[in-house]
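# quick one, structure for this:
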Amino acid sequence: MISATPSPIVDNLALFIRGLRRSGLAVSVGQTVDFMRALQWVDLGRRDQVFHAARATLVTRCEDLALFSHLFDLFWQVPGKVASARPRPAPLAPRHRPRSSRNLSLTSFSTRGGDSLEPELELSDRSGAYSDGEVLQHKDFGAMTEEELQRVRRLMAQTRWRVSRRRTRRMVPHPRGRRLDLRAVLRRASRSGGNAIALAWRNRKVKQRPVVLLADVSGSMELYSRLVLQLFYSLSHSLRSVESFVFGTRLTRVTPHLRLRNLDRALTAASREVLDWSGGTRIGESLRAFNKTWSRRILRRGAVVLVVSDGWERGNAELLEKEMRFLRDRCHRLVWLNPLLGSRRYEPLVAGMAAALPFVDDFLPVHNLRSLEDLASHLASLPERARGFLSPPRLSRVTQGTQKGGQP
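Down below sits the predicted model:
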């Protein structure tokens with residue numbers, strides 16, 4: 001199991017990964033995990049071994065090798081010193097530059113103080129590779145170029161979602177109802193001299209279940225956070241009664257911001273509301289705040305709860321287990337979406353994910369367009385009948401296979 005205990009070396013490594021991403025290198029969460037595991041097999045006192053371990057796990061395109069070597073040298077000039085929380089301007093990778101520009105200027109970023117600029121690094125832009133629809137369907141969000149992410153956002157904005165419905169206690173007129181509507185029968189009979197010529201029926205009203213969205217926007221979810229907000233925006237404008245929350249070290253409600261009609265304004269307003277964006281992770285404490293403040297208001301009508309997180313918990317795993325049990329017992333369906341589940345090598349070994357998984361009804365990936373299509377189909381096919389109070393959860397096939405240690 002990978003330890004989540006904070007330390008200077010872990011903080012520096014996380015800051016290094018964040019610097020690579022700000023520079024435009026597509027470093028996924030799975031690559032970050034592989035890099036952390038590779039460091040267990042090398043001598044951390046040998047700069048060359050750390051460099052080759054990082055390059056082998058974090059770089060996937062040959063045109064990024066020169067940029068990575070330059071960024072590695074810039075960042076690790078002052079070993080052991082943790083950078084300030086305020087990010088410095090980072091260099092841009094070729095895929096963030098216009099296609100027409102052939103030579104790219106690169107400014108430096110470092111953990112040192114001062115505003116001096118490093119010499120420019122000349123790179124050739126070869127990022128304009130064509131990606132057809134089939135490749136885009138299966139490509140991980142964390143490895144996409146900016147143009148591909150724009151296409152994904154347009155496709156998500158056009159998606160129309162459906163979720164399972166529930167039968168309420170309220171009775172409404174229905175031509176094939178199961179109960180006789182005596183009031184309607186008497187009203188009709190009064191128009192025909194007291195003779196009940198035609199009967200009227202009624203049935204229980206069917207309504208869409210409320211949907212509650214909880215997203216992790218901590219540093220480990222940085223590659224997926226904005227796309228998750230895009231997903232929440234699409235769900236909020238396709239369904240009724242949707243509540244959206246994000247969390248890192250604290251819980252923040254972003255429902256009013258995502259109701260804005262303009263997509264860019266909605267996402268910008270939501271991200272500004274979050275004070276702990278790309279920070280630490282306290283899943284248990286965030287769920288406790290939700291259960292204490294919001295659960296009685298929005299879970300009483302059989303809500304479907306979607307939690308989007310990679311399960312990296314830096315708080316108390318026992319608290320997370322307690323709050324997950326509370327949440328599971330008060331909702332109709334608890335779905336956990338994990339972007340790491342798209343990798344065949346993924347196993348839920350981190351303490352947070354291991355503590356939450358026994359209380360999850362459906363454990364599904366959310367890492368590419370195909371997984372979003374599967375999620376839409378799954379939400380539309382959820383059963384209408386609610387689970388009995390305090391009964392064991394119904395696990396999906398993905399959850400069962402993962403809990404047994406097998407591949408998803």
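# can you list the low-confidence ranges for the stretch 1-150 of the chain?
1-7, 78-135 (pLDDT under 70).
# next, count neighbours for residue 211.
For residue 211, the neighbour count with other CB atoms under 10 Å is 25. From N, CA and C alone the C-beta is placed, and that goes for glycine too.
# give the contact list for it.
By CB atoms under 8 Å, 6 or more residues apart in numbering, the contact list for residue 211 reads 163, 235, 239, 241-243, 303-306.
# contacting residues for the nearest residue to it once chain neighbours are set aside?
Distances taken as CB to CB, 6 or more residues apart in numbering put residue 242 closest to residue 211, at 4.7 Å, once the chain neighbours are dropped. If you count contacts by CB under 8 Å, 6+ apart, residue 242 has them with 210-213, 232, 235-236, 255.
# how many other residues sit next to residue 368?
Counted with other CB under 10 Å, residue 368 comes out at 21.
# test my guess that it contacts residue 137.
Yes - taking contacts as CB atoms under 8 Å, residue 368 lies within contact range of residue 137: 6.7 Å.
# quick revisit: farthest pair in the contacts of residue 242?
In terms of CB to CB, the contacts of residue 242 reach their longest pairwise distance at 210 and 232, which sit 14.3 Å apart.
# wait, is residue 245 part of a strand?
Yes - assessed with DSSP: H, G, I helix; E, B strand; the rest coil, residue 245 lies in a strand.
# so what sits opposite it in the bridge?
In this entry, residue 245 is beta-bridged to residue 214, residue 253, by DSSP bridges.
# that one against residue 228, yeah?
No - contact criterion CB under 8 Å: residue 245 and residue 228 do not qualify, at 11.6 Å.
# roughly how far apart are residue 316 and residue 334?
20 Å (CB to CB, to the nearest Å).
# among those two, which residue is more densely surrounded?
For residue 316 and residue 334, the more surrounded residue by other CB under 10 Å is residue 334, and the numbers stand at 24 against 16.
# give me phi/psi at the more buried one?
phi -110, psi 110 (degrees, to the nearest 10).
# same deal with residue 199?
phi -90, psi 160.
# what residues are up against it?
180, 185.
# show the pLDDT at it.
Looking at residue 199, its pLDDT stands at 84.
# same check on residue 386?
Reported pLDDT for residue 386: 52.
# so where is the stretch 251-400 of the chain shaky, pLDDT-wise?
Using pLDDT under 70, the stretch 251-400 of the chain drops low at 384-400.
# could you look up the SS state of the closest residue to residue 59 other than its chain neighbours?
Using CB to CB, 6+ apart and skipping residues adjacent in sequence, the residue nearest residue 59 is residue 68, 5.0 Å away. Three-state call for residue 68 (three-state DSSP): helix.
# give me the neighbour count for residue 68.
Neighbours around residue 68, by other CB under 10 Å: 20.
# so who does it touch?
Neighbours of residue 68 in contact, by CB under 8 Å, 6+ apart: 20, 25, 54-55, 58-59.
# residue 257 versus that one, what's the distance?
36 Å.
# contacts for stretch 311-319 next, please.
Contacts of stretch 311-319 (CB under 8 Å, 6+ apart): 4, 6, 218, 220, 280-285, 288, 320, 338, 340, 348, 350-356.
# list buried members of those by neighbour count.
Buried by 16 or more other CB atoms under 10 Å: 4, 218, 220, 280-285, 288, 320, 338, 340, 348, 350-356, out of these.
# who's in contact with stretch 179-187?
171, 173, 196, 198-203.
# hmm, try it at 6 Å
The contact list for stretch 179-187, computed with CB atoms under 6 Å, 6 or more residues apart in numbering, reads 196, 199-202.
# what do you get for stretch 218-227?
Under CB under 6 Å, 6+ apart, the answer for stretch 218-227 is 141-142, 217, 248, 278-279, 281, 310, 312, 339.
# show me which pair in those residues is furthest apart.
Most distant of the contacts of stretch 218-227, by CB to CB, are 141 and 279, 20.7 Å apart.
# so which of those two has more stuff around it?
Neighbours per residue, other CB under 10 Å: of residue 141 and residue 279, the larger number sits with residue 141, 23 against 15.
# tell me which other helices or strands the helix or strand hosting residue 157 touches.
Under the criterion of DSSP states H and E, residue 157 resides in helix 146-158. Applying 3 or more CB pairs under 6 Å, 6 or more residues apart in numbering; DSSP states H and E, we find helix 146-158 packed against helix 225-238.
# got the angle between the helix it packs on and helix 146-158?
Counting by axes from the mean of the first three to the mean of the last three CA atoms, to 10 degrees, helix 225-238 lies at 20 degrees to helix 146-158.
# buried sites along helix 225-238?
Here helix 225-238 shows 225-237 as buried, counting by 16+ other CB under 10 Å.
# can you tell me how far residue 359 is from residue 327?
Distance from residue 359 to residue 327, by CB to CB: 7 Å.
# quick one, domains of the protein?
8-129, 155-162+209-403, 171-207 (automatic domain parsing).
# ranking these by burial, who's on top?
Each of the domains of the chain was scored by mean neighbour count; the highest is domain 155-162+209-403, a mean of 19, by mean count of other CB atoms under 10 Å.
# got a list of what residue 206 touches?
165, 167.
# secondary structure class for it?
strand.
# beta partners of it?
residue 167.
# how much space separates it from residue 286?
33 Å.
# check residue 202 too.
Distance from residue 202 to residue 286, by CB to CB: 43 Å.
# still on that earlier bit, got CSV for the domains of the chain, with distance to residue 146 too?
Listed next are the domains of the chain as CSV, based on distance: least, CB to CB, whole Å:
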stretch, distance to residue 146
domain 8-129, 6
domain 155-162+209-403, 12
domain 171-207, 40
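# out of those, the one nearest residue 147 is which?
domain 8-129 (8.1 Å).
# let me see the backbone angles for residue 365.
The phi/psi pair for residue 365 (degrees, to the nearest 10) is phi -80, psi 160.
# just the pLDDT for the nearest residue to residue 169 once chain neighbours are set aside.
Take residue 169 and drop its neighbours on the chain: the residue closest to it by CB to CB, 6+ apart is residue 204, 6.9 Å away. For residue 204, the model assigns a pLDDT of 77.
# how close does residue 204 sit to residue 304?
Distance from residue 204 to residue 304, by CB to CB: 19 Å.
# beta partners of the nearest residue to residue 341 once chain neighbours are set aside?
The shortest distance from residue 341 to any non-neighbouring residue, by CB to CB, 6+ apart, is to residue 365 (3.8 Å). Beta bridges link residue 365 to residue 338 when assigned by DSSP bridges.
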